[in-house]
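Novice: fold the following for me, if possible:
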Amino acid sequence: MSFDAIVVGARCAGAATAMLLARFGHRVLLVDRASFPSDVPHGHFIHRNGPRQLARWGLLDRVLATGCPPVTSMTVDLGDFPLTGRHLSAEGAPLGIGPRRFVLDKILVDAAVAAGAHVRERFTVDELVVDGDAVVGVRGHDAGGAVVTERATITIGADGRHSRLARMVKADAYNAVPPLTCWYFSYWADVPNDGVELYVRGTRAVFCFPTGDGLLAVFVVWPASEFANVRADIEREFMAVIDDVAPLSDRLRNGRRAERFLGASDLPNFLRKPFGRGWALVGDAGCHKDPYLALGIRDAFRDAELLANAINAGFSGNAPMELPLADYEYKRNEATIADYKQNLESARFRPPPPDVLELRKALRGRQAEIDRFFLAYQGMAPRESFFNVSNIQRVIETFHR
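Specialist: Okay, here's the model as predicted:
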């Protein structure tokens with residue numbers, strides 16, 4: 001059987017791309033070395049436009065039905081004081097959700113199947129099938145070792161930051177920055193929680209949020225140069241950072257760690273050229289960034305939609321496929337570059353600029369203004385509705401009266 005598209009990698013970006021292409025009516029094969037449900041040791045908080053995108057796809061209620069709580073409050077403490085926004089939602093969707101990956105990825109794969117995509121689990125791609133300089137399919141093997149060749153008009157790599165497909169097609173990387181941070185995380189039970197929380201203490205940060213089964217996911221970040229020292233005694237180093245955040249330390253030490261520690265240090269930052277003749281890249285395969293601002297899944301959803309729209313336009317026959325794919329790269333870069341740069345600055349542990357600290361002081365104790373601030377910062381309201389010169393001046397001048 002020949003397919004319109006083969007998607008290599010069936011997690012956030014790949015399953016979403018396959019689902020959307022299948023909803024357009026295209027013949028799609030989705031393959032992955034894993035079987036589902038299965039977990040991956042990655043961050044899994046979805047915020048900004050991510051929950052609303054799931055809602056538009058008809059999948060947000062399915063995620064919430066698994067017992068994953070909606071997050072509608074956010075606390076940020078930059079070492080000065082905690083600032084908490086409350087009742088944060090837009091268009092019926094919460095600020096964020098933190099489903100475990102074995103939950104989220106299975107929902108996305110099932111949605112791709114429901115849309116008509118063919119899914120082949122425990123399938124490893126060994127090489128690309130080429131015709132001249134164009135990719136025309138893949139050759140791989142199943143769990144039993146049987147060699148299988150499948151052909152498609154376009155082959156999509158959604159196989160992560162170390163994408164084999166990207167290596168095979170020699171996709172160029174640009175705006176590349178080596179790893180800046182290292183992370184460890186685990187899950188705690190019996191811990192009171194009030195939404196998503198971020199605490200920054202010099203060159204350390206703590207990020208936590210509620211997830212399924214009543215657990216609190218807790219992530220700690222250090223500069224990448226400290227990875228060997230942290231790995232030598234993970235629990236000691238982890239809890240030393242936690243103990244520098246007194247309110248959180250009390251809660252965790254009165255709770256119970258429910259799972260082992262997991263960590264990561266191989267966190268490069270780059271954009272890759274995401275298309276060529278017969279191939280495209282999406283998700284971390286096309287753009288990977290440090291997890292500091294937790295942008296990965298939101299961006300994977302966004303780029304899956306951009307790519308599916310581009311491929312669908314290419315299949316219309318109104319223009320060569322390369323034109324809508326070039327537009328996909330342009331739109332992806334335009335949508336991500338500001339966040340990409342901000343994320344790099346955050347991951348370098350740059351001290352907050354004085355104007356940021358001044359604005360935070362001016363907001364303190366003014367809940368309605370704090371909520372407007374967080375809604376605009378998270379893209380849940382137009383950014384310019386809060387972050388414009390006249391409004392910032394008004395907030396600060398009111399504080400000084």
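Novice: tell me where the stretch 101-250 of the chain has strands.
Specialist: 118-120, 124-131, 134-141, 147-157, 173-177, 181-189, 196-201, 204-210, 216-223 (DSSP state E, counting those that start in this stretch).
Novice: Pro82 is nearest to which of those?
Specialist: strand 196-201 (8.0 Å; CB to CB). Just so you know, the C-beta spots here come from the backbone N, C-alpha and C atoms, and that holds for glycine as well.
Novice: now do the contacts for Ile392.
Specialist: Contacts for Ile392 (CB atoms under 8 Å, 6 or more residues apart in numbering) come out as Leu359.
Novice: what comes up buried for whatever helix or strand it lives in?
Specialist: Assigned by DSSP states H and E, Ile392 belongs to helix 389-400. Across helix 389-400, burial judged by 16 or more other CB atoms under 10 Å covers Asn391, Ile392, Val395, Phe399.
Novice: stretch 305-321 too?
Specialist: For stretch 305-321, the neighbour count (16+ other CB under 10 Å) marks Glu305, Leu306, Leu307, Ala308, Asn309, Ala310, Ile311, Asn312, Ala313, Gly314, Phe315, Met321 as buried.
Novice: what's the distance between it and the middle of its chain?
Specialist: How far stretch 305-321 lies from its chain's middle: 24 Å, per CA atoms, centre = their mean, to the nearest Å.
Novice: pLDDT (mean, whole number) over it?
Specialist: Mean pLDDT, computed over stretch 305-321, is 94.
Novice: how is this protein partitioned into domains?
Specialist: Residue ranges for the domains of the chain, per automatic domain parsing: 2-44+100-177+268-347, 181-264, 354-400.
Novice: most neighbours per residue, which of the ones you listed?
Specialist: domain 2-44+100-177+268-347 (a mean of 20; mean count of other CB atoms under 10 Å).
Novice: end-to-end on it?
Specialist: Across its full length, domain 2-44+100-177+268-347 reaches 44 Å between end residues, using CA to CA, to the nearest Å.
Novice: against Ala313, how distant is the residue nearest to Asn175 when sequence neighbours are not counted?
Specialist: Excluding the flanking residues, the one nearest Asn175 by CB to CB, 6 or more residues apart in numbering is Leu271, at 5.0 Å. In this view, Leu271 and Ala313 are 22 Å apart by CB to CB, to the nearest Å.
Novice: where along the protein do the helices fall?
Specialist: Secondary structure of the chain (DSSP state H): helices at 12-23, 50-56, 60-64, 101-115, 164-169, 227-232, 234-242, 246-253, 296-315, 322-347, 354-363, 367-377, 389-400.
Novice: mind listing what Leu60 touches?
Specialist: Pro51, Arg52, Leu54, Ala93, Ile97.
Novice: biggest separation within these, which pair?
Specialist: Arg52 and Ile97 (10.9 Å).
Novice: before we move on, back to that, nearest to Thr66 among the strands of the stretch 101-250 of the chain would be which one?
Specialist: Going by CB to CB, the one of the strands of the stretch 101-250 of the chain nearest Thr66 is strand 204-210, 12.9 Å.
Novice: what lies in contact with the closest one?
Specialist: If you take CB under 8 Å, 6+ apart as the criterion, strand 204-210 is touched by 45, 69, 71, 96, 98, 193, 195-199, 216-222, 241-242, 244-245, 248, 292, 294, 349.
Novice: if we can go back for a sec, Leu88: which of the helices of the chain is closest?
Specialist: Of all the helices of the chain, the one in closest proximity to Leu88, counting by CB to CB, is helix 367-377 (5.6 Å).
Novice: now that closest one: average pLDDT?
Specialist: Computed over helix 367-377, the average pLDDT equals 97.
Novice: so the residue lying closest to Arg272 once chain neighbours are set aside versus Asp233, what's the distance?
Specialist: Distances taken as CB to CB, 6+ apart place Ala171 nearest to Arg272, at 4.6 Å, with adjacent residues excluded. As for Ala171, its distance to Asp233 is 39 Å (criterion: CB to CB).
Novice: and what of Arg27?
Specialist: 53 Å.
Novice: and what of Thr17?
Specialist: 41 Å.
Novice: just Cys287 next, same as before
Specialist: Distance from Cys287 to Asp233, by CB to CB: 34 Å.
Novice: what is the rounded mean pLDDT of stretch 26-41?
Specialist: Averaged across stretch 26-41, the pLDDT comes to 97.
Novice: got it, and stretch 87-101?
Specialist: On average, stretch 87-101 scores 97.
Novice: cool, and stretch 45-61?
Specialist: The average pLDDT within stretch 45-61 is 97.
Novice: so Arg86 makes contact with Asp371?
Specialist: Yes. Between Arg86 and Asp371 there is a contact under CB atoms under 8 Å: 6.3 Å.
Novice: contact partners for Val136?
Specialist: Contacts for Val136 (CB under 8 Å, 6+ apart) come out as Val129, Val130, Arg151, Ala152, Thr153, Thr155, Gly278.
Novice: ok, and the closest non-adjacent residue to the second one?
Specialist: For Val130, the nearest residue in space outside its immediate sequence neighbours is Val136; the separation is 6.4 Å by CB to CB, 6+ apart.
Novice: ok, now how distant is Val218 from Asp131?
Specialist: From Val218 across to Asp131, the span is 50 Å (CB to CB).
Novice: same deal with Glu121?
Specialist: With CB to CB as the criterion, Glu121 and Asp131 are 28 Å apart.
Novice: how about the least confident helix or strand in the chain by mean pLDDT as PDB, C-alpha atoms only?
Specialist: Least confident helix or strand of the chain, by mean pLDDT, DSSP states H and E, is helix 389-400 with a mean of 91. Provided in PDB are the C-alpha atoms of helix 389-400 (Å, rounded to 0.1, in the frame of the first residue of the first chain):
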ATOM      1  CA  VAL A 389       3.800  51.500  27.600                       C
ATOM      2  CA  SER A 390       0.800  53.400  28.800                       C
ATOM      3  CA  ASN A 391      -0.500  50.500  30.900                       C
ATOM      4  CA  ILE A 392       2.800  49.700  32.400                       C
ATOM      5  CA  GLN A 393       3.200  53.300  33.400                       C
ATOM      6  CA  ARG A 394      -0.200  53.400  34.900                       C
ATOM      7  CA  VAL A 395       0.500  50.300  37.000                       C
ATOM      8  CA  ILE A 396       3.800  51.700  38.300                       C
ATOM      9  CA  GLU A 397       2.500  55.200  38.900                       C
ATOM     10  CA  THR A 398      -0.500  53.900  40.800                       C
ATOM     11  CA  PHE A 399       1.900  51.900  43.000                       C
ATOM     12  CA  HIS A 400       4.000  55.000  43.800                       C
END
